[in-house]
Each structure stands twice: as C-alpha cells, then as structure tokens.
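Engineer: What shape does this take:
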Amino acid sequence: MSSTGFNKPVYSGSFKSIRSTLSKDEIDALEIPLPYLPYEDSISRLVQYVFFMILSSLILLKSRRSFDFYYSRGPQPFTEITCFILKLFKGGKVVSDITNLWPDALEYVRMNFFLKRILILFGHAINSLVWSKLDAIVTHNEVMAHILSKRSGKRVHVIYGVIDLEKFKPMPKYEAVQELSKELKERFNREFVVLYAGLLGPFQNPEVILKLAQLTKNENILFVIIGTGPLKGNLVKEKEKQQLNNIFILKSSSPFFNANNI
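Structural biologist: Purely as a prediction, here's the structure:
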C-alpha cells in the first residue's frame with residue numbers, strides 16, 4: 001500500500017456503458033420485511049440489524065441460486081455474517097467493503113456507560129471472528145486500511161470512491177454561488193460560511209453545529225447543513241426553538257435550492 005494519496009478522489013467520465021450492460025433480468029432485488037423501530041435509538045437499530053441478518057440469510061439460503069462471490073457492503077458485521085453463512089452452505093468467497101469503524105463509533109453515542117462498554121467489547125470480538133473468515137477486505141483510504149490490517153491480520157486493499165462527473169460537475173466557487181437563491185447569495189457574499197454536507201445521525205453528532213451557531217449568533221458567520229438522517233427532524237425543531245437565523249438546514253443537496261427550505 002502506498003503511504004500517499006489519502007482520500008484521493010477518482011474521476012470517471014461516464015457510467016452509461018456500465019449501466020447499459022446490466023438488465024433487470026440480471027439483478028435480483030430482495031425485500032427484507034423489518035419491524036418499524038425508532039432508528040435514532042442504538043438498541044433499536046441493533047435489533048433491526050439482527051433481524052435483517054437473520055431474515056436475509058434465510059431468504060438467500062432458500063434461493064436455488066449459488067454464487068462465486070459475496071460482496072458485503074454493510075452494515076458490518078451483520079451482512080458479513082450473512083455472507084459467511086451462505087459461503088458455508090453454498091460455497092464461494094466473501095469480500096467485505098468496510099467503510100466505518102464499528103463498534104468504535106459507539107464512543108460518541110449518548111447511552112449507559114456500562115452498556116456501551118459491553119457492546120464495544122462484544123463488537124470487537126465479533127469483528128475479529130468474522131474477519132478471520134473473510135477472503136478479502138477492501139476500504140476507501142490508507143488510514144482505514146492500516147487500522148483494519150492491524151486488527152484483522154490480513155492485507156487490506158484500497159479502492160477509492162469514484163465520482164460520476166455526469167452528476168457531480170466540478171465548478172469554481174463564483175459559478176456555484178451564482179446558482180444560489182437571492183437570499184443565500186447575498187449572505188454567502190457578506191458572511192463567513194461553514195458548510196456541513198452528509199449524514200445527520202448520532203455518530204456524526206450534528207447537534208454541535210447548533211451549539212456553535214448559538215455561540216456565534218452575533219458574529220458574521222453563516223452555518224449551512226445539507227443532508228438527511230434520523231436526527232434531521234430534531235435539528236429543525238431545535239433551530240426553530242432557539243430562533244437561530246444564522247443557520248440553514250436545507251431540504252435538497254442540489255445547488256438550485258431555496259433559502260426558505262428547511
């Protein structure tokens with residue numbers, strides 16, 4: 001593995017040729033029935049993942065099809081366990097794409113201290129067992145590769161994320177600002193902008209953005225949040241409750257948004 005190129009983006013011209021080679025007859029979409037549980041609660045999320053692991057294993061085992069490779073993309077280690085069960089009964093090899101360090105992320109979740117410690121220790125034990133059964137591990141940068149290699153004792157392959165330039169077209173800041181609504185354009189031009197774009201869940205702790213907005217509400221700073229997740233509703237309610245006019249929580253990740261969309 002190279003020690004350079006951390007998070008280096010890989011650009012692609014077009015995916016049309018790839019999409020055209022795939023027909024609906026070659027893709028099986030499985031619907032896994034799951035009970036509705038509050039996603040923001042860590043224990044409820046764990047129950048959902050366990051249900052998914054059990055039901056997906058049973059559905060795939062019942063299928064008459066067998067495969068040469070199983071590609072696990074998360075949530076880990078639940079999909080990896082499903083793949084290992086399939087490998088055990090149907091053969092094949094398992095490749096795991098690990099993009100987050102679970103259960104390490106539980107350190108940032110507000111929950112009972114002793115329950116958190118038990119879940120973290122249990123999670124690491126399960127990971128060690130599952131990773132020993134994998135045929136290959138891939139991740140998205142060298143930092144993750146180093147950590148995963150150290151923990152699993154296996155070689156970890158880095159596959160950088162590919163950006164489809166048909167959907168995400170690079171543009172200079174001036175051009176991007178011109179696409180904004182009039183209100184946001186005026187504020188972007190006169191205020192320092194802090195942007196967060198991504199998942200709004202307990203592991204990301206987006207509440208800290210509201211705290212910063214509250215502390216700097218008399219400063220020339222504008223906070224912009226673009227994303228979705230289980231905590232987005234709470235952020236919108238708290239923003240309105242605190243009457244913070246220096247923060248925008250946008251509905252869309254498109255540059256053609258309206259400043260009043262929260």
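
Engineer: Going by C-alpha atoms from here, please, whenever you check contacts or count neighbours.
Structural biologist: Noted.

Engineer: Find the residue at the geometric middle of the protein.
Structural biologist: residue 199 (6.6 Å; Cα atoms, centre = their mean).

Engineer: Isn't it up against residue 228?
Structural biologist: Yes - applying Cα atoms under 8 Å, one finds residue 199 in contact with residue 228, separated by 5.6 Å.

Engineer: so residue 249 is in which element?
Structural biologist: Residue 249 belongs to strand 247-250 when elements are defined using DSSP states H and E.

Engineer: Give me the domain ranges for this structure.
Structural biologist: If you go by automatic domain parsing, the domain ranges for the chain are 10-164, 173-250.

Engineer: Could you dump these into CSV and include mean pLDDT?
Structural biologist: Formatted as CSV, the domains of the chain follow (pLDDT from 0 to 100):
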stretch, mean pLDDT
domain 10-164, 82
domain 173-250, 84
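
Engineer: Now do the strands in the stretch 151-262 of the chain.
Structural biologist: Counting by DSSP state E, counting those that start in this stretch, the segments of the stretch 151-262 of the chain that form strands are 156-158, 162-164, 192-197, 221-226, 247-250.

Engineer: Adding mean neighbour count and distance to residue 211, write those strands out as CSV.
Structural biologist: Below are the strands of the stretch 151-262 of the chain laid out as CSV (neighbours: other Cα atoms under 10 Å; distance: least, Cα to Cα, whole Å):
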stretch, mean neighbour count, distance to residue 211
strand 156-158, 20, 36
strand 162-164, 14, 33
strand 192-197, 14, 13
strand 221-226, 20, 11
strand 247-250, 21, 11
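
Engineer: can you tell which of those strands is closest to residue 214?
Structural biologist: Closest approach to residue 214 among these is made by strand 247-250 (9.4 Å; Cα to Cα).

Engineer: Return the closest one as CSV; C-alpha atoms alone will do.
Structural biologist: Extracted C-alpha coordinates of strand 247-250, given in CSV (Å, rounded to 0.1, in the frame of the first residue of the first chain):
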residue,chain,number,x,y,z
ILE,A,247,-28.2,28.6,10.2
PHE,A,248,-29.9,26.9,7.2
ILE,A,249,-30.9,23.3,7.2
LEU,A,250,-31.6,22.6,3.5
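
Engineer: Adjacent strands (with direction) for it?
Structural biologist: As defined by DSSP bridges, the strand partners of strand 247-250 come to strand 221-226 (parallel).

Engineer: Need the CA coordinates for the partner strand. PDB is fine.
Structural biologist: Extracted in PDB, the C-alpha atoms of strand 221-226 (Å, rounded to 0.1, in the frame of the first residue of the first chain):
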ATOM      1  CA  ILE A 221     -20.900  33.600  10.400                       C
ATOM      2  CA  LEU A 222     -23.500  31.500   8.500                       C
ATOM      3  CA  PHE A 223     -23.900  27.800   9.000                       C
ATOM      4  CA  VAL A 224     -25.400  25.600   6.200                       C
ATOM      5  CA  ILE A 225     -26.400  22.000   6.700                       C
ATOM      6  CA  ILE A 226     -27.200  19.700   3.700                       C
END
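
Engineer: residue contacts, residue 156?
Structural biologist: Residues in contact with residue 156 (Cα atoms under 8 Å, 6 or more residues apart in numbering) are 136, 137, 138, 139, 145, 146, 148, 149.

Engineer: What is the burial count for the third one?
Structural biologist: This means residue 138. Applying other Cα atoms under 10 Å, we find 21 residues neighbouring residue 138.

Engineer: do the fifth one as well
Structural biologist: Each residue near residue 145 was counted by other Cα under 10 Å, and the total is 23.
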